[in-house]
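**Student:** Return a 3D structure for these sequence lines:
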Amino acid sequence: MDRRKFLQKTSISSAGVLSGAVKLTGQEDQFKILNPRDRVPINFIIDDSTALVNLAHFGIPQFKEVFPSKYLQDWKKLPREIPDSFVLEFLGWCADKGVKGKYSMVPYPACTGWLNRFIPGWSKKELEASLEVVRKYATPNWDIHSEMISHTRVIDIKTGLPYAEASGDFMENWEWSQKKSADELGEYIAYSLQILKDVGFDCDGVTTPGGFGSRNISNLALGTKRAVADLFGHRVGHFFRDIITDPGKSVQPQVMHVENLNSGDASCSVHMIGCTGDWFGGWDGLNPGDADRFITEDGRAGRLVEVIGSEEPALLVCHWPGIYYNGEKIGFNIFKTVVNRLDQYYDNLYWMKLTDIASYWAAKEYTVIDKTPSGIQLQAPFACKDFTFTSALEMQQPMMVFDGKKESLTRVDNRSQLTTNTWAKDNGVNYYCVNLSVGLHSLGGI
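**Tutor:** Modelled structure (predicted):
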């Protein structure tokens, strides 16, 4: 598999998927679970990012060593660094626009050096300053992922050294991961996450470089879940591995390896699926992108128009070197155009971190809703924000009770105004939006 085949029309393996319709105890006509706040979740996935290092500059010669006929560009002309000044400019613009996403921090970028130790070519002070930029300005709105360990050579986690053989069998992007067990993948993933934990990041998920685990998704999912739980204690782990650009094919997150549903300690892994190719600037600085492929100037066409129309999560995908695009910010400017067009034509989008989307889908698929003599009961094995559903039961003054604590829901004029702990009656339908904790909730009122 040559890197991540963004433009290839793909289908997703369903191995290990344990998901289905929400359990409503035979009352499907009375309750319907919607998207959070009855909006379309949207997220910007950034791959190949890290501190300081331009992964394309340092990674291309390693790819070329393995596949000499394929990587012919003059990588020495690419910037060696993506400066923190650009990171701050990008994150500041996104914060002003309400953009949320996923930002990779490759732990040992292209084998140049370690984020938790030092990177040759930059001072220890420069590395720490770069990490602090991400900790301070990215983590409020962006999930931080490892993208395996180096994104190039496979690392022997017993020695910390790259394997000596430079071949597709020992590159993270290609064959090494395809026949590994869940335990083996989990140990490798945990090694990468430990480095990020050492420098102060709390991670709920990981990103795969190129084809990593492309034919081994079930083990990848289980290994991710175990690593995230062991290192950070999170019950819902998620991973970004695949992209679907085919019209009509679902891009909903896939909930996998669900365990301990009835114990109060449920866990799962969620496969997050991108819906666009990298049409910003690519990973290698060769071909600038085109905003029209996402959404046209008139707002009538483009991949995002299709996905938003289906009301499935719209996860845009890019590579960080292409956002900087040889220092010319071409990819960044394309992204600005896309976001401005989305703002112009849509008022029903909800920028969310992947963590929150993954938790929502787990809750959506496994929360049990039932009617009781005094109202509604929700048994939630997974916590999530802004759990939104409709009910035939109207309550004038609804009150949520959980663990002995009461929370009143505020009525809003219509469903477009739904936020946490609100409800609306819109066209004869009752809408409720609440935060769920793990356990039993009662919603009642007059």
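**Student:** how would you label residue 323: helix, strand or coil?
**Tutor:** Using DSSP: H, G, I helix; E, B strand; the rest coil, the structure places residue 323 in helix.
**Student:** ok now do it, which residues does it touch?
**Tutor:** Listed by CB atoms under 8 Å, 6 or more residues apart in numbering, the contact set of residue 323 reads 46, 90, 280-281, 329, 331-332, 335. Any C-beta I mention is one placed from the backbone N, CA and C, and that applies to glycine too.
**Student:** where's residue 215 relative to residue 358, distance?
**Tutor:** As judged by CB to CB, to the nearest Å, residue 215 and residue 358 stand 23 Å apart.
**Student:** So for these two, which residue has more residues nearby?
**Tutor:** Neighbours were tallied for residue 215 and for residue 358 using other CB atoms under 10 Å; the higher tally belongs to residue 358 (29 against 14).
**Student:** Next up, the contacts around that one.
**Tutor:** Contacts of residue 358 by CB under 8 Å, 6+ apart are 204-205, 236, 238, 253, 270, 272.
**Student:** how about those residues, which pair is most distant?
**Tutor:** Spatial extent of these (CB to CB) is set by the pair 204 and 253 at 13.0 Å.
**Student:** what touches both of these two?
**Tutor:** Counting by CB under 8 Å, 6+ apart, the common neighbours of residue 204 and residue 253 are 238, 358.
**Student:** Okay, now the unreliable bits of this structure?
**Tutor:** Along the chain, segments meeting pLDDT under 70 span 1-29, 446.
**Student:** Tell me the secondary structure of the nearest residue to residue 268 once chain neighbours are set aside, please.
**Tutor:** Leaving out its chain neighbours, the residue that sits closest to residue 268 by CB to CB, 6 or more residues apart in numbering is residue 258, at 4.5 Å. Classification of residue 258 using three-state DSSP returns strand.
**Student:** just to revisit the earlier point, now, the contacts of residue 323 that are in strands?
**Tutor:** Those of these mapping onto strands are residue 46, per DSSP state E.
**Student:** Going along the chain, name the helices of the stretch 201-350 of the chain.
**Tutor:** Taking DSSP state H, counting those that start in this stretch as the criterion, the stretch 201-350 of the chain contains helices spanning 217-232, 303-310, 320-324, 330-345.
**Student:** and residue 431, that's in a strand?
**Tutor:** Yes - the assignment for residue 431 (three-state DSSP) places it in a strand.
**Student:** That one: how many residues sit nearby?
**Tutor:** Residue neighbour count, defined by other CB under 10 Å, stands at 23 for residue 431.
**Student:** Equivalent analysis for residue 290, please.
**Tutor:** 12.
**Student:** Quick check: it vs residue 274, distance?
**Tutor:** 17 Å.
**Student:** residues in contact with the closest residue in space to residue 297 that isn't next to it in sequence?
**Tutor:** In space, and not counting its chain neighbours, residue 297 is closest to residue 341: 7.0 Å by CB to CB, 6+ apart. Residue 341 sits next to 291, 294-297, 299 when contact means CB under 8 Å, 6+ apart.
**Student:** Residue 341 and residue 298: what is the separation?
**Tutor:** Going from residue 341 to residue 298 by CB to CB gives 9 Å.
**Student:** what helix or strand does residue 131 sit in?
**Tutor:** helix 124-133 (DSSP states H and E).
**Student:** And that helix, how far out from the chain middle?
**Tutor:** Using CA atoms, centre = their mean, to the nearest Å, the mean C-alpha position of helix 124-133 is found 25 Å from that of the whole chain.
**Student:** Give the next helix or strand downstream of that helix.
**Tutor:** Downstream of helix 124-133, the first helix or strand assigned by DSSP H and E is strand 142-145.
**Student:** contacting residues for residue 221?
**Tutor:** Applying CB under 8 Å, 6+ apart, the residues near residue 221 are 16, 239, 256-257, 269, 271.
**Student:** Now for those, which sits with the most neighbours around it?
**Tutor:** Neighbour counts for these peak at residue 269, which has 31 neighbours (criterion: other CB under 10 Å).
**Student:** Residue 398 against residue 441, yeah?
**Tutor:** No - between residue 398 and residue 441 there is no contact under CB atoms under 8 Å: 11.7 Å.
**Student:** what domains does the record give for the protein?
**Tutor:** Structural domains assigned to the chain are 41-358, 367-444, following automatic domain parsing.
**Student:** quick one: contacts for residue 108?
**Tutor:** Counting by CB under 8 Å, 6+ apart, residue 108 touches 114-115, 149-150, 155, 195.
**Student:** Likewise for residue 204?
**Tutor:** Residues in contact with residue 204 (CB under 8 Å, 6+ apart) are 143, 228, 232, 234, 236-238, 354-355, 358.
**Student:** Top of these by number of neighbours, please.
**Tutor:** In terms of neighbours by other CB under 10 Å, those top out with residue 238 at 31 neighbours.
**Student:** ok, back up a step: tell me which two of the contacts of residue 108 sit farthest apart.
**Tutor:** Spatial extent of the contacts of residue 108 (CB to CB) is set by the pair 115 and 155 at 13.6 Å.
**Student:** Compare the two (neighbour count), which wins?
**Tutor:** Counted by other CB under 10 Å, residue 115 and residue 155 do not tie: residue 115 has more neighbours, with 25 against 22.
**Student:** Phi first, then psi, for the more buried one.
**Tutor:** Main-chain torsions, residue 115, degrees, to the nearest 10: phi -60, psi -30.
**Student:** now the strands: where do they sit in the stretch 51-200 of the chain?
**Tutor:** Assigned by DSSP state E, counting those that start in this stretch, the stretch 51-200 of the chain shows strands spanning 101-104, 142-145, 155-156, 161-162.
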